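J.: Predicted model and sequence follow; I will ask about them next.
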Amino acid sequence: MSWQQIASFAIIGSVVGLLIWDRLRYDVVAVLALLATVLMGLVSAKQAFEGFADDIVIIIASALMVSAGIARSGIVDVVVRPFAARATTPGRQILGLGGTVAVLSAMMKNIGALAIFMPVAAQLSRRHGTRVSSVLMPMSFASLLGGLMTLVGTSPNLVVSRVRQDLGGEPFGMFDYLPVGLGLTLAGMVFLTVGWRLLPKDRQGTRSAEDSFSVEDYVSELRFAANSPFVGRTVADLEQLAEGDARVIGLVREQYRRLVPDTDWALHAGDVMLIEGDAPAIQRLVIGGDLEPADAREGDGGQLAIAEAVIQKGSPLINASAASARLADRFGLAVVAVSRGGYRLRRRLRRVTLREGDLLLLRGAEQGLSDRLTTAGLFPLAERRLQIGKRRPIWVPATILAATVIALAAQIVPVAIAFLSAATAMIVTGVLKPEEAYDAVEWPILVLIGALIPVSGTLESTGGTAIIASGLSSVASHLPPFAVVAMIIAAAMAVTPFLNNAATVLVMAPIGATMAEQLGMRPDAFLMAVAVGAGSDFLTPIGHQCNTLVMAPGGYRFGDYARLGVPLSLLILVLGTALIMYFWPI
């Protein structure tokens, strides 16, 4: 081997070792590897940043923005509501969501299907107290399994089809992959519904705005708009919308009457209700019941934000109510909800005497909000992007989502353009603010991907892949056919984390075809083995964009993927070899 080849293998091996060691952040490791390849002359200074211009960087950033828009739009509630009560365990959530993602991945890009259902997984995990980290990685693996079923499901299938045509045969058809891919997907889904228990139990991913609300006993005042679908319906109907996470503890009618309503009371337009529950449940009531804060004023829209803050010692609000302290006039703030540990508030919020340590949800103009909180003696915990008093029609993000799915399924535009267009539409239509869109992007993940693309490219540019190919060919000459098929699957699985799956196919497919010719056998089984191996990247977060996409939201570390991925890979290796030998006899 030349020193360049040795250096390439050494750098890639060091990256893997450092990521498993987990003492340095993964984006820092990637940048160190990129600098090493430049300093050693394996990558030119001009090529060093080409990875950041790769389509996959745009795809991941845009997919995260689209996912955030979906999560904030209310669509998730509509999707989750029919089966939320039954999806109480990670296994059931994986079966329902993972199965849906797998089916969609057969007809569209798997990262698109995964991004659409990530907010649904977060919602279900939040409602049932399960860990989202138990669900996201299995969903990512399910999307990869689904891609094995059709020609358009994943890039390796398309490349293998083209290689088959270049070898003088007919390209693989749309459903030629289905017999093998369907069997692997079904078996893989069965494994994932129980195998999630192999994942660490202490992983905490990045938290969304809703997830950040840990207080479950906020009391809020909400008023029915005249066109609310719940006017004329009962209190029980409204509480059912919150699915047990919020309850009506008081009702103000005709401005003077304060009542503790029975569940069968009919609701009227203009009624003001005292509702106790966690913030996500209150948001569901706002969206589904067409409610608004009781103190909402005419034209109270624009650039408003909601913040959570705790009353500090020395605050001018202590021993005063929101009304007597003139919170709106002096500080430009309105109380949306109040939480006081161990005490149920039943008075009108503007009349509640505030105490040190009370938690408040406050609404005010976004500009200068932090300064006004500090002046009022309030310690801001976090800004919240709740849609309280800022409802938008669900059909807007739903239309954007539908158009994106159609564009991806019909391959009307490239994946990067489809997702970038969807993310832009979310911002232009007001579903997301620009700052919300940028906040949704996991920037360390983009640095990881952009930096490692040139690093992994050195494996091919230095001739390292040729060494791998030569070694496989020499070993294959001494093995029976089924063992050669298994070896090709295993080799493709091992290479694809460090050489993108399309490049893996371009390297491995000719090797497989050559082996078939040397053994006097038909090449189809070997080509199919390459497609299965290259599409089954379950071992690392860096080989496939789906695995990368769930890394930060799931709080996963590099080594976590192998805990679930190794047994799944062994299952694919054994069953895939058997299915290929059966459906594509050699």
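T.: Thanks, I have it. Here the structure is a predicted model, which is why all the values come from computation and not from measurement.

J.: Tell me the spatial nearest neighbour of the residue nearest the centre of the chain, not counting adjacent residues.
T.: With distances taken as C-alpha atoms, centre = their mean, the residue of the chain nearest its centroid is residue 118 (4.0 Å). Spatial nearest neighbour of residue 118, chain neighbours left out: residue 67 (5.2 Å); criterion: C-beta to C-beta, 6 or more residues apart in numbering. Any C-beta I mention is one placed from the backbone N, CA and C, and that applies to glycine too.

J.: mind checking pLDDT for that neighbour?
T.: On pLDDT, residue 67 comes in at 74.

J.: is it true that it touches residue 120?
T.: No: here residue 67 does not reach residue 120: they are 9.9 Å apart, not a contact under C-beta atoms under 8 Å.

J.: thinking again about what came up before, following whatever helix or strand the residue nearest to the centre of the chain lives in, which helix or strand shows up next?
T.: Taking DSSP states H and E as the definition, residue 118 sits inside helix 110-128. Counting by DSSP H and E, the next helix or strand C-terminal to helix 110-128 is helix 133-147.

J.: who are the neighbours in contact with residue 313?
T.: residue 356 (C-beta atoms under 8 Å, 6 or more residues apart in numbering).

J.: ok, now how distant is it from residue 24?
T.: To residue 24, residue 313 is 41 Å away according to C-beta to C-beta, to the nearest Å.

J.: Against residue 451, how distant is residue 32?
T.: 9 Å.

J.: higher neighbour count, those two?
T.: A direct count of neighbours by other C-beta atoms under 10 Å for residue 32 and residue 451 places residue 451 higher, at 25 against 16.

J.: mind listing what the more buried one touches?
T.: 27, 30-31, 33-34, 51.

J.: Am I right that residue 169 falls within a strand?
T.: No: read with DSSP: H, G, I helix; E, B strand; the rest coil, residue 169 is coil and lies in no strand.

J.: So what does it look like in phi/psi?
T.: Dihedral pair for residue 169: phi -110, psi -170, per degrees, to the nearest 10.

J.: May I have the residues that are in contact with it?
T.: By C-beta under 8 Å, 6+ apart, the neighbours of residue 169 are residue 523.

J.: quick one: the residue nearest to the centre of the chain and residue 136 touch, right?
T.: Yes: using C-beta under 8 Å, residue 118 is in contact with residue 136, at 6.8 Å.

J.: Point out where the stretch 451-586 of the chain drops to low pLDDT.
T.: 469, 499-503, 506-507 (pLDDT under 70).

J.: how about 90 then?
T.: 451-482, 484, 491-492, 494-523, 540-545, 548-549, 551-553, 555, 558-559, 585-586 (pLDDT under 90).

J.: which residues of it fall in helices?
T.: 464-476, 481-495, 501-519, 524-534, 545-549, 551-554, 560-583 (DSSP state H, counting those that start in this stretch).

J.: now the longest one and helix 133-147, what's the angle there?
T.: In this structure, helix 560-583 runs at an angle of 30 degrees to helix 133-147, with axes from the mean of the first three to the mean of the last three C-alpha atoms, to 10 degrees as the basis.

J.: buried sites along helix 560-583?
T.: Neighbour counts over helix 560-583 (16 or more other C-beta atoms under 10 Å) mark 560-561, 564-565, 568-569, 571-573, 575-577, 579-581, 583 as buried.

J.: next one: that helix to chain centre, how far?
T.: Between the centre of helix 560-583 and the centre of its chain there are 25 Å (C-alpha atoms, centre = their mean, to the nearest Å).

J.: How about the third one?
T.: Going by C-alpha atoms, centre = their mean, the spacing between the C-alpha centre of helix 501-519 and its chain's C-alpha centre is 34 Å.

J.: Restrict it to CA atoms and write it as CSV.
T.: Taking C-alpha atoms only, helix 501-519 is exported to CSV below (Å, rounded to 0.1, in the frame of the first residue of the first chain):
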residue,chain,number,x,y,z
ASN,A,501,-24.1,4.0,-0.4
ALA,A,502,-24.2,5.0,-4.1
ALA,A,503,-20.4,4.9,-4.3
THR,A,504,-20.4,1.6,-2.4
VAL,A,505,-22.6,0.1,-5.2
LEU,A,506,-20.3,1.5,-7.9
VAL,A,507,-17.3,-0.1,-6.3
MET,A,508,-19.0,-3.4,-5.2
ALA,A,509,-21.3,-4.1,-8.1
PRO,A,510,-18.5,-4.7,-10.7
ILE,A,511,-16.7,-6.8,-8.1
GLY,A,512,-19.8,-9.0,-7.6
ALA,A,513,-20.4,-9.3,-11.4
THR,A,514,-16.7,-10.3,-11.9
MET,A,515,-17.0,-12.9,-9.1
ALA,A,516,-20.1,-14.4,-10.8
GLU,A,517,-18.3,-14.6,-14.1
GLN,A,518,-15.3,-16.2,-12.6
LEU,A,519,-17.5,-18.8,-10.8
